[in-house]
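*Asks:* turn this into a structure:
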Amino acid sequence: MRKLSLLLLSCLLSMHLLAQYSYQASIGNVEAEQNAFRKFVLESSINVDIKPALLRFSRTTVDSLQTVIAKDSISSDVTKAMASQSLALFLKRIRADLKAKRYEVFLLPDAMKQFPLIWHNLLHEGNWQQYFTGFGIPRTEIMLLAFGDFPQYPAIKDIAMLKKLQRDPEKIADYAIEHRSFPYIDTLSFMVANENPEIIVHLFEQSSKKEAQQYLLQHKHPLVRMVAELSATPNKKNYLPFAYKLLRGEITKEKIDQLRQTPSAYFSAMVDEALYLRAEALAGKNVYYTIALRYYIRKYAVDFFVNQMNQLHEQTDKNRFFSLEGLRPEDLYFIIVGGDAAFYTSSYLYTYNKLMSFYQKKNAYELFNRVNNAAFRKFVQTTVYYNNFSSLLSNMPADTAKALLKRFVTGIESSSDYKLSEAIDVAEAMPGIMDNPALADDLQELLKVNKAYCRKTGNYYGTYVYGLLQQIYNTVADDKAGRNAQILSPYLHLSRKEVEQTNQQVVQQVFFYGDEDGKSSFENFMSGFKDAKQWKREQNGLWVTLRSLSGAPMLIYANLPLSNDEGKDLMAIDSLSRYLDQQGVRPHILIHRGHSYHVEHTIDRITSATRLAILGSCGGHKNLSEVIYRSPDAQVIATKQIGSKLVNEPLLRMFNDAILFGTGVHWKPFWQTLGNKLSKDVKAAGYFKDYIPPYQNMGILLLRLHKLDEAS
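*Replies:* Got it, this is the predicted structure:
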């Protein structure tokens, strides 16, 4: 009876597949999809280096696989139809994904390379799973659709779910409880313990998850058991950063409790553990918990040091930076790489300068030796953000600076997200690097060599990105030599026409925040509009309106810097924005006035209508990518370090005069004139050198080149 049932099921399956398509029908489906795919690729704006690879696969590779199927005299027509139809489904899924722009095209060459190997192993019961190891969600889902009719489809579907849960580990516990037979439960449990132990802590805080807790306490891997045991203890927060060290028997809970009494000692112990694991990994040994420890270093760098420095930003340096006293260079280094975006600019600069005070004899390279090059790119990234990269290079011998530059520039092609972030870092560092002729030559050669390497190895993303960086290099070189760089033309001029509303009015929105600095900044701002013959002032309880009485029609809206503690400043901004929206006004000029920690609220107001964003905030340059995402055509003025009223006020006065009484702004002569005026004040001139005009924003230029390439 059982055999009869299985035979019936087999027959039904065969009938189902035959109903879907016969082998001959599948051949026609593949040919039709090949033609549709080719037409789509030829007419699309896909990267020119990848187009030939897509076309080769759709014709040469697919045809060769079809030949393999045709010569197969053993398999049934049902199997041959299934194998053939998977080719059409693979092409169809890629075409649909590219049309919908679901992911970057650069991940496709590897998917096309792996597809025949997976296809062959699925058909011949080989080890097809090995090819999914390096796949993320997009490539896995491409394969999932292509092999939907294969008997291994449920197993592929499980792998796709594994990839999704790895990306979103917060959902693992609930999924595991609801799907107890899921084959990768043990794998996911280890991943969470090794990388995200706080998820296990949260699970142990829920009385309804007793069964899951018991499972973790009895897990076959000792690290999972250790994290679970610690999560059930009262002092778990103290112990978890050292879970792996406890597992190795190299520290006791009593010692950890003792260290926790002194924040600096506790943090230093975490740094020591990170450096130990780094050394062991470089020696080829298998180590655990590095990602989890990185999380705890970030957490305590912010909790113990960065937040304290930020909160005391209006006190004396002695009080504000007291927590850094007695720390070692490696501790300061990990505070910098851990604190990252949480820093106020002044907090970062003090920490960085304190760190570099240990290296004042052209020996900055010793810092990287001391930390075994841990988090190298993250540290260098911060120096680029705050305009310190060139000075870092100058603080070491020429050969060492060259080696550091090579490490910084090389390896961008290895990015797994294709978001250009590492390329943007290199682009933004270029003007400073190229002030040194020897390093400029080294940089040019590095870009050439890396692009050639990527082309030789078939890395399309690397070939593309290094090509973009070569364009940035040539642009900077032309600009420094006084030659016109055509690529900069959109950033050399801002005409009044570009910032006018339909009624010819120019509308600005200025953002103020309600801390002491914001209130002072507002007073300085308003002092520039006292001329009753030039400006009419109207004010309500939330914002002020300034209307020009001569020159071109201009309206400036600025919210009042109401209490920051109570959130009234944000309420005023919201009210003003709603009012402008109701009036049908979309300001083309947005101006941020305040500390860097407020700038996210200003950037939230940037729209596709924004043509100029003046981010006079501390560290405003870090936010360029977000601005361009919201308004691809926006010009940006920002500072990489300290934003100051000594620069902001004269800059805005000059800008308003150029719009009111001229046809717009030509940025190069504007910037030179402003620089000449500020040079009379040493302090103002010092701040001004870190302000970046629109035509020197190389990060924005790279993003623009990328978007132009996509649209071409």
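
*Asks:* tally of neighbours for residue 531?
*Replies:* For residue 531, the count of nearby residues is 9 (other Cβ atoms under 10 Å). C-beta coordinates here come from the backbone N, C-alpha and C atoms, glycine included.

*Asks:* next secondary structure element downstream of the lowest-mean-pLDDT helix or strand in the chain?
*Replies:* When each helix and strand of the chain is scored by mean pLDDT, DSSP states H and E, helix 2-20 comes last, with a mean of 43. Counting by DSSP states H and E, the next helix or strand C-terminal to helix 2-20 is helix 23-43.

*Asks:* next secondary structure after that following helix?
*Replies:* Taking DSSP H and E, what comes next after helix 23-43 is helix 51-56.

*Asks:* what does the average pLDDT come to for that following helix?
*Replies:* Mean per-residue pLDDT for helix 51-56: 93.

*Asks:* ok, and for that helix, which residues are buried?
*Replies:* 53-54 (16 or more other Cβ atoms under 10 Å).

*Asks:* helices or strands up against it?
*Replies:* On a contact count with 3 or more Cβ pairs under 8 Å, 6 or more residues apart in numbering; DSSP states H and E, helix 51-56 meets helix 23-43, helix 108-123.

*Asks:* contacts for that helix?
*Replies:* Helix 51-56 has contacts (Cβ atoms under 8 Å, 6 or more residues apart in numbering) with 37-38, 41-42, 44, 46, 94, 108-109, 112, 460.

*Asks:* among the residues you listed, which ones are buried?
*Replies:* 37-38, 41, 46, 94, 108-109, 112, 460.

*Asks:* ok but residue 284 is inside a helix, no?
*Replies:* No - counting by DSSP: H, G, I helix; E, B strand; the rest coil, residue 284 is not found in a helix; it is coil.

*Asks:* tally of neighbours for it?
*Replies:* 6.

*Asks:* would you list the phi and psi of it?
*Replies:* phi 90, psi 10 (degrees, to the nearest 10).

*Asks:* of the helices and strands packed on helix 51-56, which stretch is the most buried?
*Replies:* By mean neighbour count, with neighbours taken as mean count of other Cβ atoms under 10 Å, helix 108-123 ranks first of the helices and strands packed on helix 51-56 at a mean of 19.

*Asks:* packing partners of that helix?
*Replies:* Using 3+ Cβ pairs under 8 Å, 6+ apart: helix 108-123 touches helix 51-56, helix 77-100, helix 137-146.

*Asks:* returning to what we had before: what is the lowest-pLDDT residue among the contacts of helix 51-56?
*Replies:* Ranking the contacts of helix 51-56 by pLDDT puts residue 46 at the bottom, with 85.

*Asks:* what sits against it?
*Replies:* Taking Cβ under 8 Å, 6+ apart, one finds 54, 98, 105 in contact with residue 46.

*Asks:* those residues into CSV, with extra columns for distance to residue 481?
*Replies:* Putting the contacts of residue 46 into CSV (distance: Cβ to Cβ, whole Å) gives the following:
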residue, distance to residue 481
54, 39
98, 40
105, 35
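
*Asks:* tell me the one of these nearest residue 431?
*Replies:* Comparing the contacts of residue 46 against residue 431 with Cβ to Cβ places residue 105 closest, at 30.1 Å.
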